[in-house]
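Asker: just coords:
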């Protein structure tokens with residue numbers, strides 16, 4: 001079949017030849033539906049129905065090179081926020097310490113921050129997101145996950 005050669009076309013992405021390429025699959029479906037022209041069953045199906053091609057079990061969590069692909073997109077960063085407590089002052093103006101252990105003065109709180117992905121820098125060990133026009137650097141060691149938000153639907157769409 002002529003369409004089989006289309007599966008071997010080089011893609012812009014680095015999809016291995018034995019892996020499923022979603023754009024390639026979608027293109028092949030559209031080509032096969034439209035090859036018989038107007039009035040054919042395939043053309044009628046394409047006009048009356050929407051065909052969605054998705055990746056199986058994609059959990060919206062960004063990994064590896066997906067950080068390059070989704071630069072500028074909205075993301076939700078699930079991370080630990082570290083806050084240092086101020087040391088209490090005594091009446092003499094000296095600060096109290098809890099046995100000299102600085103770990104007692106640190107509080108960790110898990111938070112989700114929403115913004116646009118600017119970059120992930122592995123050399124500096126930070127991920128930068130834009131939150132309301134301000135860039136926020138988050139240490140990669142404190143990040144649990146970086147996810148794409150759930151798809152929004154418009155009113156009237158089922």
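Answerer: Yep, it's here. Keep in mind that this is a model prediction, so the values were computed, not measured. Residues are numbered from 1 along each chain as shown.
Asker: hey, let's count contacts and neighbours off CA atoms from now on
Answerer: Fine.
Asker: name the single longest helix found in this protein.
Answerer: Under DSSP state H, the helix in the chain containing the largest number of residues is helix 22-34.
Asker: I'd like the average pLDDT over it.
Answerer: Within the predicted structure, the mean pLDDT of helix 22-34 is 77.
Asker: for whichever helix or strand comes after it, what is the average pLDDT?
Answerer: Downstream of helix 22-34, the first helix or strand assigned by DSSP states H and E is helix 41-48. Averaged over helix 41-48, pLDDT sits at 78.
Asker: contacts only, for residue 118.
Answerer: 71-72, 127-130, 135 (CA atoms under 8 Å, 6 or more residues apart in numbering).
Asker: check which helix or strand covers residue 129.
Answerer: Element membership for residue 129 (DSSP H and E) is strand 126-131.
Asker: for that strand, give me every contacting residue.
Answerer: 114-121, 135-140.
Asker: switch to 6 Å and redo it
Answerer: The set of residues external to strand 126-131 that reach it, using CA atoms under 6 Å, 6 or more residues apart in numbering, is 115-120, 135-140.
Asker: okay, buried residues for the host helix or strand of residue 115 please.
Answerer: The secondary structure element spanning residue 115 is strand 106-121 (assigned by DSSP H and E). Residues of strand 106-121 classed as buried under the neighbour-count rule (16 or more other CA atoms under 10 Å) are 114-120.
Asker: ok so, going back, tabulate the contacts of strand 126-131 in CSV, adding columns for pLDDT and distance to residue 45.
Answerer: What follows is the contacts of strand 126-131, written out as CSV (pLDDT from 0 to 100; distance: CA to CA, whole Å):
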residue, pLDDT, distance to residue 45
115, 96, 39
116, 96, 38
117, 96, 38
118, 96, 41
119, 94, 41
120, 94, 43
135, 96, 47
136, 96, 47
137, 95, 48
138, 95, 48
139, 94, 50
140, 94, 47
